[in-house]
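Undergrad: missing the sequence, but the structure's below:
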Ligand SMILES: CCCCCCCCCCCC(=O)SCCNC(=O)CCNC(=O)[C@H](O)C(C)(C)COP(=O)(O)OP(=O)(O)OC[C@H]1O[C@@H](n2cnc3c(N)ncnc32)[C@H](O)[C@@H]1OP(=O)(O)O
């Protein structure tokens with residue numbers, strides 16, 4: 001990867017999914033690769049659902065945060081704030097749809113997000129979770145830009 005992880009530009013952030021300041025969270029690290037936002041992440045052994053496979057709620061959380069962070073990064077890029085994000089540019093999840101295609105094995109996964117559509121304050125993001133290059137889960141997340149919380 002080149003450059004800084006997107007989550008480094010969102011600090012301080014205690015979000016369970018994407019906050020690097022939450023030691024109990026998923027601690028995702030996402031980065032641009034061309035027009036896609038990519039993250040490689042390895043589950044902890046206790047994050048199972050079906051025996052030997054990843055709990056579906058964790059997959060959903062990964063897709064949720066990776067997608068919203070991708071939308072925030074995209075909006076900052078569009079606004080010319082790629083190096084240092086605008087702290088006022090904040091988003092939350094409005095709607096999320098998850099499709100589980102195959103069980104996710106308990107080893108490193110790759111998330112790949114693409115910004116599909118922008119309409120006013122709404123950013124539609126498509127994200128896949130791949131295991132060994134095979135798509136296991138896909139998600140569609142509608143991130144909504146709001147005035148900063150807190
Ligand atoms: C520095 C640290 C950073 C750290 C960065 C941290 C990133 C954290 C990411 C964590 C991800 C999460 O878990 S976030 C937590 C889960 N999500 C939430 O709690 C959100 C709860 N909901 C809300 O707060 C609100 O409902 C909002 C903000 C989503 C929308 O309220 P609003 O802003 O008043 O929106 P409103 O004017 O009514 O509508 C604006 C447009 O969006 C549409 N819209 C509104 N709500 C929805 C919806 N739920 N799903 C679809 N579409 C919606 C409307 O139809 C409208 O479309 P049109 O008429 O314009 O076409």
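TA: That came through, no problem. Bear in mind the structure is a predicted one, so any value in this text is a computation, not a measurement. Numbering: from 1, shown residues only.

Undergrad: Can you report how many residues neighbour the residue of the chain found nearest the ligand?
TA: Of all residues in the chain, the one sitting closest to the ligand is residue 94 (3.1 Å; C-beta to the nearest ligand atom). For the C-beta atoms, the positions are set from N, CA and C on the backbone; glycine is no exception. Residues within reach of residue 94, counting by other C-beta atoms under 10 Å, total 15.

Undergrad: mean confidence score for the helix or strand harbouring it?
TA: Residue 94 belongs to strand 90-100 when assigned by DSSP states H and E. In this model, strand 90-100 has a mean pLDDT of 98.

Undergrad: For the residue of the chain closest to the ligand, which residues are in contact?
TA: When contacts are counted by C-beta atoms under 8 Å, 6 or more residues apart in numbering, residue 94 touches 122, 142, 143, 144.

Undergrad: Likewise for residue 101?
TA: 135, 136, 137, 138.

Undergrad: Same question for residue 140.
TA: Applying C-beta under 8 Å, 6+ apart, we find residue 140 in contact with 96, 97, 116, 124, 125, 126, 127.

Undergrad: now those residues: which count as buried?
TA: The neighbour-count test (16 or more other C-beta atoms under 10 Å) marks 96, 124, 125, 126, 127 as buried among the contacts of residue 140.

Undergrad: Keep only those of those residues that are in strands.
TA: Using DSSP state E, the members of the buried ones among the contacts of residue 140 that fall within strands are 96, 124, 125, 126, 127.

Undergrad: wait, isn't the first one in contact with residue 62?
TA: Right, the one you point to is residue 96. No: the criterion here is C-beta atoms under 8 Å, and residue 96 misses it with residue 62 at 11.5 Å.

Undergrad: Poorly predicted segments of the protein, please.
TA: Low-confidence regions of the chain, defined here as pLDDT under 70, cover residues 1-3, 149-150.

Undergrad: need the strands for it, in chain order.
TA: In the chain, the strands defined using DSSP E lie at 30-33, 36-41, 90-100, 109-119, 122-131, 134-146.

Undergrad: most neighbours per residue, which of these?
TA: Neighbour counts (mean count of other C-beta atoms under 10 Å) averaged over each of the strands of the chain peak at strand 122-131, with a mean of 22.
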